[in-house]
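In: Make a model of this:
(one chain, ligands or ions: 1)
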Amino acid sequence: MDINKRLALYPGTFDPFTYGHLDIVERALRIFDEVEVTVAVNAGKRALLSTEERCELIRQCTTHLSGVTVAAFEGLLVDYARARRAAALVRGLRQVSDFDYEFQMAFANRKLYPELETVFLMTSEEHALISSTIVRDVHRWDGDLSPFVPPAVMEALQKK
Ligand code: PNS
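Out: Numbers count the residues shown, from 1 in each chain. Next comes the predicted model:
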């Protein structure tokens, strides 16, 4: 089956979607015509937002960008990527400590589906220290989320 060289998937949990994620989507669009933000339904973590909420918020945060789609998936990422005929997975790297986990995932995915490339993009320095885990913690203690997440996400979290 032909691979669609223009399409990359940007998979993740996105609980919630941060400015760091948005930065990676924008960078990926410089390389690929179509970037699908692929939201993992169950990555074995306790979720703050439902899959539908996460997808809807990502849509709202990316309306200004053309070439972005959002979809949820459940199961093995490589099976989904094969079905979508995607050429690549995009993952963001913030700092060296991300690398161990990313390296393992990329190699596991390559063993399972050698034709699929993983492309790592570096976030801007400004976003290098943002993570969804930190955002969830700041939210838990009612801290100001505005430096970390787009307004739509902030509003949704404030209602929680
Ligand atoms: O944002 P995250 O939590 O770092 O994203 C991790 C994710 C969802 C991309 C990863 O856990 C994943 O691909 N899960 C789907 C199951 C799978 O394919 N696992 C094998 C890859 S190592």
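
In: mind checking how far E102 is from D137?
Out: 22 Å (C-beta to C-beta, to the nearest Å). Every C-beta, even on glycine, is put in place using the N, C-alpha and C of the backbone.

In: Contact residues of this protein facing the ligand?
Out: Within reach of the ligand by C-beta under 6 Å from any ligand atom, the chain has these residues: 11-13, 40, 43, 76-77, 105, 108-109.

In: Mind doing that once more with 5 Å?
Out: Residues of the chain lying near the ligand by C-beta under 5 Å from any ligand atom: 11-13, 40, 43, 76-77, 105, 108.

In: Neighbour-wise, which one of those residues leads?
Out: Of all the residues of the chain next to the ligand, P11 has the most neighbours under the rule other C-beta atoms under 10 Å, reaching 23 neighbours.

In: Point out where this protein drops to low pLDDT.
Out: Along the chain, the parts satisfying pLDDT under 70 run over 1, 43-45.

In: what do you get if the cut-off is 80, keeping everything else the same?
Out: Judged by pLDDT under 80, the chain has its weakly predicted residues at 1, 42-46.

In: residue ranges of the helices in it, please?
Out: In the chain, the helices defined using DSSP state H lie at 19-28, 51-61, 77-84, 99-112, 132-140, 151-158.

In: Those into a markdown table, with extra columns for distance to R91?
Out: Output for those, formatted as a markdown table (distance: least, C-beta to C-beta, whole Å):
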| stretch | distance to R91 |
| --- | --- |
| helix 19-28 | 8 |
| helix 51-61 | 16 |
| helix 77-84 | 11 |
| helix 99-112 | 6 |
| helix 132-140 | 14 |
| helix 151-158 | 20 |
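
In: Nearest to I3, out of those?
Out: For these, the distance to I3 is smallest for helix 77-84, at 9.2 Å, taking C-beta to C-beta.

In: related to what we said a few turns ago, out of the helices of the chain, deepest packed?
Out: Across these, averaging neighbours per residue (mean count of other C-beta atoms under 10 Å) puts helix 19-28 on top, at a mean of 21.

In: Show me what that helix is in contact with.
Out: Surrounding helix 19-28, the residues in contact under the criterion C-beta atoms under 8 Å, 6 or more residues apart in numbering are 8, 10, 12, 14, 35, 37, 58, 61-62, 65, 68, 90, 92, 94, 119, 121, 123-124, 126-128, 130-131, 147-150.

In: out of those, which are buried?
Out: Applying 16 or more other C-beta atoms under 10 Å to those, the neighbour count classes 8, 10, 12, 14, 35, 37, 58, 61-62, 68, 90, 92, 94, 119, 121, 123, 127-128, 130, 148-150 as buried.

In: Done for today, thanks.
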